[in-house]
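# Compute the structure for the input listed below.
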Amino acid sequence: MDEAVVLLVITGALAVTAAARHWDLPAPLVLVTVGLGVSLIPAVPHIELEPEVLLGVILPPLLFSAANGSSYQDFRSSLHAIVRLGVGLVIVTALAVAWVATLLLPDLPFAAALVLGAVVAPPDAVSAAAVGRRLGLPRRVMTLLGGESLINDATSLTLYKVALAGVATGAWVWTEGIGVFTLAVVVGVGVGLVMGIGMHAARLRLADPLLTSVAGIILPFAAYWIAEELSGSGVLAVVAAGLYLGHTAPTAGYETRLVEEPLWDSLDLLLEAITFALIGLQLKFVVETVVDSDEGLRTAIWVSLAALVVTMAVRPLYVFATAWLDRVHLPGSKRSRADQLDWRESLVVSSAGMRGVVTLAAAAAIPATLGGAEFPGRATIQLAAFTVAIGTLLLQGVTLPWVIRTLGVGGEDEAASDAAEEARVRRLMADAQAATIAHATREWAPVIGEEKAEATRAAMSAAIVGRAQAAARLLSPESAAEEPVEQAPVRARPTGGRAFPVARPGDRSEDLRRLNALRADMNRAQRQVLVDERDAGRLNEAVMRRILRELDIEAEALAESWVNRI
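Numbering: from 1, shown residues only. Below is the predicted model:
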């Protein structure tokens, strides 16, 4: 692709995304629609990226960012449903589409039909998640959609490889497919965890946030390519690394988090804009490929429409038929009835089956020849894949907001629960700050005197307690009746005294540096409370990350304070 065309596509995709965000419209749907319209202009050239670029360059950072921003805690609690949809639904959809394709095209080998099934099976949660966030879907629904999208790509791409091998050899062996899938899972997850652990160790030891952020950008590409070279799943390697680093991020330095968050947000926006724009731009040229082939446009259209209907119909049938499996416990998972979906939430999940980057890339990657022979039905399979991707994006993407509003599915109860959790944890954080102040003032007492040390402790602790109680009352009125944090006795200041320690008369700079160091210690104590409560299962990760963001900004302000430059 010409460099000028690439720049034009990127600029146009960003402009369309900006307009969609301004008018509060789902950007993926707008991009696909505009791309379709632009592709019909006669002067527009064939704009295409190599499938290796889509799978090896665009997909890894998108997956890593999604996994890094996911809650391992929520992922683990919804493991049953995630595996049920991310693995089971992909396989069932692929088989159903393959069966229908062989009915309409009797001469099409089953392995080739399964290639089509594997290509169209994995939904992409990008557009569904965007709609869900805007309309306030419950966290358990968002966790399920996000978790499904993290592992269904690995399932479909592994099935895709097995089906391609069947086309090449002319034989289909189920045991071989199971072996390939098992190897892909074990190697992929293993590579991802090893690289995630190594990256976490590096960011604990490196004091340069820019360096660790650059290493973090390189990580998903390295994990993907290494796992693929070792016959593992590059997708699972990226997901495993992202989940591990996201879970351990609160124990790393605040500088890295403050640098990485906007960096990944910007990269996500750019890659998603390019991807959905390309989906819209491709259909015209795929149709032209079918017209030029010997397969027949009418037959290809019927197969494409049938594949679209099957993928949209199988999802709700499977979701409701297998809902009972969520009550079966898997090793390592923690579930409660609150994590299980009701029928309205299940219907929303059923309606969120839009396809995206994996379908586009896998369809484009189907080779023209395989095993020394022409790939059977290649043009028809590609048209069907693009029809399913665009059809689900437009049909389900447009109707999903209506479904959510009509069913009245919202996260109001979770908002109240989050507020109560935040009120409780802020009181615990106040306790930790009070303990830190008490410890520091005991050490200051020999220098500044017992009376001034106690005055400092009392004044600072009283202010902290007051802020925590005020925040608790605003967040959750019920918490006002709860037991308050430890009340520090407030004593009158000695005449001429101040509510901070004095090293020597007139030495204000030392006083301020000492006070600044204490505030930094208090910040670390609060962060430790957040991590401990999260790890104990008493604090939702979404609440933890919101408060952690406040602490990171405070830590940055303390580090850049003019006091440290005195």
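# from here on, contacts and neighbour counts on C-alpha atoms
Noted.
# so Gly253 makes contact with Arg205?
No: using Cα atoms under 8 Å, Gly253 and Arg205 do not qualify as a contacting pair, with a distance of 9.5 Å.
# between the two, who's got more neighbours?
Gly253 (18 against 11; other Cα atoms under 10 Å).
# Show me where this structure has its strands.
Under the criterion DSSP state E, strands of the chain are mapped to 369-370, 373-374.
# and of those strands, who's closest to Val34?
Of all those, strand 369-370 sits nearest to Val34, with 32.8 Å by Cα to Cα.
# returning to that earlier point: most tightly surrounded among the strands of the chain?
Taking mean count of other Cα atoms under 10 Å as the contact definition, the stretch among these with the greatest mean neighbour count is strand 369-370, which reaches a mean of 14.
# picking that back up, is it possible to get CSV of the strands of the chain that adds distance to Gln282?
Output for these, formatted as CSV (distance: least, Cα to Cα, whole Å):
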stretch, distance to Gln282
strand 369-370, 21
strand 373-374, 22
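# where among these is the average confidence lowest?
Among those, strand 369-370 carries the lowest mean pLDDT, at a mean of 80.
# which residues touch that one?
Surrounding strand 369-370, the residues in contact under the criterion Cα atoms under 8 Å, 6 or more residues apart in numbering are 167-168, 375.
# hmm, 6 Å instead?
Identification of contacts with strand 369-370 by Cα atoms under 6 Å, 6 or more residues apart in numbering yields 168, 375.
# Distance from that strand to the middle of the chain?
In this view, strand 369-370 has its centroid 36 Å away from the chain centroid, taken as Cα atoms, centre = their mean, to the nearest Å.
# same check, this time on stretch 430-440
A distance of 36 Å separates the C-alpha centroid of stretch 430-440 from that of its chain, computed with Cα atoms, centre = their mean.
# For it, which residues meet the burial criterion?
Taking 16 or more other Cα atoms under 10 Å as the neighbour-count basis, stretch 430-440 is seen to contain the buried residues 430-438, 440.
# If we only consider the residues you listed, which is nearest to Gly242?
Each of these was scored against Gly242 by Cα to Cα, and Ala432 proved nearest at 30.4 Å.
# how close does the nearest residue to the closest one once chain neighbours are set aside sit to Gln433?
Excluding the flanking residues, the one nearest Ala432 by Cα to Cα, 6 or more residues apart in numbering is Ala525, at 5.9 Å. The span separating Ala525 from Gln433 equals 7 Å under the rule Cα to Cα, to the nearest Å.
# Next: Phe375.
Applying Cα to Cα, one obtains 67 Å for the distance of Phe375 from Gln433.
# Count the residues that sit near Leu317.
For Leu317, which is what you asked about, the neighbour count (other Cα under 10 Å) is 11.
# same check, this time on Phe276
If you count neighbours by other Cα under 10 Å, Phe276 ends up with 27.
# repeat for the one 5 residues further on
When neighbours are counted by other Cα under 10 Å, Leu281 registers 27.
# show me the contacts for it.
Neighbour list for Leu281: 35-36, 39 [criterion: Cα under 6 Å, 6+ apart].
# Could you identify which of these has the most neighbours?
Per-residue neighbour counts (other Cα under 10 Å) across the contacts of Leu281 peak at Gly35, which has 23 neighbours.
# what does the model give that residue for pLDDT?
Confidence at Gly35, expressed as pLDDT, is 90.
# Looking at this protein, which helix is longest?
Longest helix in the chain, counting residues (DSSP state H): helix 254-292.
# Just the buried positions in that helix, please.
254-258, 260, 264, 267-268, 270-287, 289-291.
# what's the burial count for Ala321?
Counted with other Cα under 10 Å, the burial measure for Ala321 works out to 10 neighbours.
# what's the spacing between it and Thr33?
33 Å.
# same question, Asp24
Counting by Cα to Cα, the gap from Asp24 to Thr33 is 16 Å.
# Comparing the two, which shows the higher neighbour count?
Between Asp24 and Thr33, counted using other Cα under 10 Å, the more crowded position is Thr33 (19 against 10).
# Next one: the more buried one relative to Gln282, how far apart?
Plainly put, Thr33 is 12 Å away from Gln282 if you go by Cα to Cα.
# The closest residue to Thr275 other than its chain neighbours: how many residues sit nearby?
Counting by Cα to Cα, 6+ apart, Val357 is the residue found nearest to Thr275 once chain neighbours are left out, at 6.3 Å. The criterion is other Cα under 10 Å. On that basis, Val357 has 24 neighbouring residues.
# Find me the pLDDT at Val357, would you?
Predicted confidence (pLDDT) for Val357: 79.
# just use 627 as the starting number from now, easier for me
OK, 627 is where the count begins now, so the last one is Val983.
# separation between it and Ile1016?
Between Val983 and Ile1016 the computed distance is 11 Å (Cα to Cα).
# can you check Val642 too?
In this structure, Val642 and Ile1016 are separated by 17 Å, where distance is defined by Cα to Cα.
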